[in-house]
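> Sharing a sequence plus its predicted fold:
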Amino acid sequence: MACYCYCCGGVLVAGVTSAGAEEGAVGGGVTAPQEIPKPARMEIVDRELIPSVGAARPGKVLIEGLREISEEDARAMITFQVRNIEESGVTMARADDAAFFLEEGIRDFGYREAKVEWEITSANDVLLTVQEAKEVYVGEIVVRGNEHLSAGAIRELITQATRKRLGYSIGAKDIPFVEDDVRAGVEAIRHLYVLMGYAEVEVELVETIHRPETSRMDLSITVVEGLVQLVGEIDLPAPIAPQVEAVYPSLVPEFGGKPYTAAVSANLANRIMSAAQDAGYFDAEVEVDAAPPRRGPPGEDGDERLFVDLTVLPDWGERYTFAGVEVSGLEKVREGVVDRRFDPLIGEPYSPKAVNERVEMLLETGAFNGFTTEAIPQPDRTITLKVAVEEAKRHSLAPYLGYSNYEGPIIGLEYRNSNFLRRLQTLEIEGEFTGRGLSGDIEYTNPWLFDTDWQLKLGANAGTTDNEGYDVFNVGFRLGLRRDFGAEKRHRITLFAIPEYGDITDFEIEEQFLGPRDYVVSRAGVIYSYDSRDDPTNPRKGLIADFLISGAGSAIGSDVEFVRGTARAVYLQPVGRSTLRLAARAGIIDPSGDEELPIDIRFFSGGAQSVRSFRERDLGPKDRNNFPIGGEFVTVFNVEYEIPVAGPFSVAPFFDAGNLLSQAEDASLDDMHYAGGLGLILNSPIGPLRIDYGHNLNRGENEPSGSWHIGFGVAF
């Protein structure tokens, strides 16, 4: 007897015997397989079996009976099955698969009694007939025994799998009831309790009660929390090195008294082991022994608590020092250039952290696509680091487009050589045309001046700018020395010198407000900055602060003399999925000579990154023709709260304040201007795109009621 398998197109053979088979049989119980002719393939047409011969013929998938669910959503549930039928042909197995997965998908929308029947039509198409039945929603959720987790939180956990799959927001009322999702939610509740320290918690879905009159499924959940387990005493071993001792003071406040889980032991061990390895103990291993829970004093709420005491058990191993690197894969970079980046580590205790910092510095040059490192222990307790590199293209030429409120459209072209002179130095040349002028810039960067951690930048620029009320031609040069230092290189010091020539080529501003029309300004100064942001492109947490002091004088070839100082601080704090941003900025220029300041050296305010109820440069003193003339003292304060709304889109209500005063000696918070408004933000992979509207809250004479701003990047 032979049975044809429609799901795989094979032949099942049972009880076949023949003379030949008997001659080859062993023990009389095994028969040899026989070549069985494949029967004619069967199709279903109007539910009647009709034989047909030949390969499966391509067909279409038709869906009937949908009421609440769109056909687009239904087809999305069976994308693979539809494509398989259309490309590989109609078979009974493929039709049945399509019906099965469509039925499951519809049930995931809350139609728990949904049925899908299939048939293969005379036109060789698959017809899926849907009976949606009635949608059932999650109804009342009764929870018993939950003393330390709110009923609201439990409801969100019960429905989170369904909400996430269907795109429902937190707090949505009509959530389809999907039993598998509910049971996943019960497990999520249990897991959360474990993270809270309730190691013996039990969570059970006791009952589901269907109420057809309301299309609701009420749920009854029982929680047996047990006692919370907290980290008790932590017994730390004698530190093997200063790096290990340095992490000890933070461990007790970080772990002690917190909910205990197995992950706590692992995290504590990893913290100590990483510190030991960075001190050169390459083979260090650390285990944490958790004692049986003991009863401790009750908490502030009077509840009994269990404490788990931890004992750290290290095996420090031997200390290794860094012997050097062996580099492979270099073709475009001169020999020895990469090796020298690791020379400061030679003879020091081997530190994976220090090695990674050096690798990141090399990647920042743009000359490499990637690094692979392998630490090789040697018999003399040294480490040799094998480094395999993948070099990037040296040359790149990239056009770019942009737009800003003040400059209008921006068109540019940038050339970059990321391995200039084959020494990992950088040369960048840029030309840019905007709605206000044409400019060019060239910059050379040496990341390691004289093989130190000081970075050298040399640059030159020239351009024309059509500002409101005057046109200016500038040519300038710049010299900068920069060094990053401190924990995670968050601190930076920059020394700079900038000689610049300016020429006011045309003007409509009253001449008395221009200052010198043809001038040389040479200034030098220092900048200190601190940056702890989590992401330089689109940060959500951290602090950035910088302080600048510079001076210009005849001693360094300047036609005008002044002292200039600026300060800025921006603080970011996530609040759930939202982000709070606070910023404060101030600047002052104190002229110290007889010459008036050129207009191009003064501060200007207003615009997308200051007080957003004004256009760019439009806040502050003006001449009789209403052209801005700048000032010597400026402040800006910003508060913004970004709220995600859908996908990559966010809204950001904001409040801005600031002033701009003509004379430095009048520095104060007088004549403040205020803006309130709303921004729409598209968070793209390369940074946020913003559209802001700021309304003038204390509108003065000849001031706008508000302003629109379009820009790229964070507001401040």
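That came in fine, so what should we check first? Quick caveat: nothing in here was measured; it's all calculated off a predicted structure.
> Tell me if I'm right that Gly463 and Val472 touch.
No: counting by CB atoms under 8 Å, Gly463 does not reach Val472; the two are 9.0 Å apart. In short, each C-beta sits where N, CA and C put it, glycine included.
> Spatially nearest residue to Tyr193 (excluding sequence neighbours)?
Spatial nearest neighbour of Tyr193, chain neighbours left out: Val201 (4.0 Å); criterion: CB to CB, 6 or more residues apart in numbering.
> what's the answer for Ala246, then?
Nearest in space to Ala246, with sequence neighbours left out and distances taken as CB to CB, 6+ apart, is Ala275 at 7.2 Å.
> cool, Gln131 as well?
Distances taken as CB to CB, 6+ apart place Lys115 nearest to Gln131, at 4.5 Å, with adjacent residues excluded.
> hmm, back to that, thought the residue nearest to Tyr193 was touching Arg190?
Yes: the pair Val201 / Arg190 is scored as a contact, 5.9 Å apart, by CB under 8 Å.
> Between these two, which has more neighbouring residues?
The neighbour comparison of Val201 against Arg190 (other CB atoms under 10 Å) goes to Val201, with 22 against 17.
> which ones are touching that one?
Val201 sits next to Arg190, Tyr193, Val194, Val223, Val224, Glu225, Gly226 when contact means CB atoms under 8 Å, 6 or more residues apart in numbering.
> Next one: the fifth one relative to Val286, how far apart?
What it means is Val224. For Val224, the distance to Val286 equals 35 Å [CB to CB, to the nearest Å].
> Settle it for me: which of the two has more neighbours?
Val286 (21 against 14).
> tell me which element the more buried one falls in.
Using DSSP states H and E, Val286 sits within strand 285-290.
> Which strands or helices does that strand pack on?
Strand 285-290 is packed against helix 262-278, strand 305-315, with contacts defined by 3 or more CB pairs under 8 Å, 6 or more residues apart in numbering; DSSP states H and E.
> Next, format these as a markdown table and append distance to Ile442.
A markdown table is the format used below for the helices and strands packed on strand 285-290 (distance: least, CB to CB, whole Å):
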| stretch | distance to Ile442 |
| --- | --- |
| helix 262-278 | 41 |
| strand 305-315 | 55 |
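> between the ones you listed, which one is nearest to Leu397?
Taking CB to CB, helix 262-278 is the member of these nearest to Leu397, at 41.7 Å.
> just to revisit the earlier point, can you give me phi and psi for the residue nearest to Tyr193?
When read as degrees, to the nearest 10, the backbone of Val201 gives phi -60, psi 150.
> any idea how far Gly185 is from it?
In this view, Val201 and Gly185 are 15 Å apart by CB to CB.
> and what of Asp303?
With CB to CB as the criterion, Asp303 and Gly185 are 26 Å apart.
> same thing with Asn419?
54 Å.
> With Lys115 instead?
For Lys115 relative to Gly185 (CB to CB), the value is 26 Å.
> Asn369 now?
43 Å.
> go on, Leu479?
Distance from Leu479 to Gly185, by CB to CB: 62 Å.
> Quick check on those two: which one has the bigger neighbour count.
A side-by-side neighbour count of Leu479 and Gly185, using other CB under 10 Å, places Gly185 first with 26 against 14.
> wait, what's in contact with Asp441?
Going by CB under 8 Å, 6+ apart, Asp441 touches Glu428, Ile429, Glu430, Glu432, Gly459, Ala460, Asn461.
> Just the buried residues of the helix or strand that contains the last one, please?
Using DSSP H and E, the secondary-structure element containing Asn461 is strand 455-467. Using 16 or more other CB atoms under 10 Å as the burial criterion, the residues of strand 455-467 that qualify are Gln455, Leu456, Lys457, Gly459, Asn461, Gly463, Thr465, Asp466, Asn467.
> what's downstream of it, the next helix or strand?
Next in sequence after strand 455-467, counting helices and strands by DSSP H and E, comes strand 470-485.
> Next, the buried residues of the helix or strand that comes right after that next one.
With elements assigned by DSSP H and E, the helix or strand that comes after strand 470-485 is strand 491-507. Using 16+ other CB under 10 Å as the test for burial, strand 491-507 gives Arg492, Thr494, Phe496, Ile498, Pro499, Glu500, Tyr501, Gly502, Ile504, Phe507.
> neighbouring strands for the helix or strand just after strand 491-507, and are they parallel or not?
Going down the chain from strand 491-507, the next helix or strand is strand 518-531, by DSSP H and E. If you go by DSSP bridges, strand 518-531 pairs up with strand 491-507 (antiparallel), strand 542-552 (antiparallel).
> and the longest one with strand 470-485, angle?
The directions of strand 491-507 and strand 470-485 differ by 170 degrees, with axes from the mean of the first three to the mean of the last three CA atoms, to 10 degrees as the criterion.
> For Phe80, grab the count of nearby residues.
Here the number of neighbours of Phe80 (other CB under 10 Å) works out to 11.
> tell me which element Phe80 is part of?
Assigned by DSSP H and E, Phe80 belongs to helix 79-88.
> Pull the residues that contact that helix.
With contacts defined as CB under 8 Å, 6+ apart, helix 79-88 is touched by Ala56, Pro58, Gly59, Lys60, Val61, Arg75, Arg94, Ala95, Asp97, Ala98, Phe101, Val126.
> For it, give the mean pLDDT please.
Across helix 79-88, pLDDT averages out at 90.
> Show me what counts as buried in it.
Gln81, Val82, Asn84, Ile85.
> repeat for stretch 586-606
Quick answer for stretch 586-606 (16+ other CB under 10 Å): 586-591, 595, 597-606.
> Show the residue spans covered by the strands in the stretch 301-450 of the chain.
Assignment of strands within the stretch 301-450 of the chain using DSSP state E, counting those that start in this stretch yields the ranges 305-315, 321-328, 368-377, 382-391, 395-404, 408-420, 425-434, 437-446.
> tell me which residues in the second one are buried?
Pointing back at strand 321-328 there. By neighbour count with 16+ other CB under 10 Å, strand 321-328 contains the buried residues Thr321, Phe322, Ala323, Val325, Val327.
> same thing with the longest one?
If you call a residue buried by 16+ other CB under 10 Å, then strand 408-420 has these buried ones: Gly412, Arg416, Asn417, Ser418, Asn419, Phe420.
> from those residues, which is closest to Ser439?
Ser439 lies nearest to Gly412 out of those, by CB to CB, at 9.0 Å.
> residues touching the closest one, list them.
Pro399, Tyr400, Leu401, Gly402, Glu430, Gly431, Glu432, Phe433.
> Save the residues you listed as JSON lines, and put in neighbour count too.
Below are the contacts of Gly412 laid out as JSON lines (neighbours: other CB atoms under 10 Å):
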{"residue": "Pro399", "neighbour count": "8"}
{"residue": "Tyr400", "neighbour count": "11"}
{"residue": "Leu401", "neighbour count": "8"}
{"residue": "Gly402", "neighbour count": "14"}
{"residue": "Glu430", "neighbour count": "17"}
{"residue": "Gly431", "neighbour count": "15"}
{"residue": "Glu432", "neighbour count": "18"}
{"residue": "Phe433", "neighbour count": "15"}
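> I'd like these as TSV, with distance to Phe109 appended.
Below are the contacts of Gly412 laid out as TSV (distance: CB to CB, whole Å):
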residue	distance to Phe109
Pro399	47
Tyr400	45
Leu401	43
Gly402	44
Glu430	54
Gly431	56
Glu432	53
Phe433	54
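> Glu204: neighbour count?
By other CB under 10 Å, neighbour count at Glu204 equals 13.
> Correct me if wrong: it contacts Arg190.
No: if you go by CB under 8 Å, Glu204 and Arg190 don't touch, sitting 9.3 Å apart.
> Thanks a lot, catch you later.
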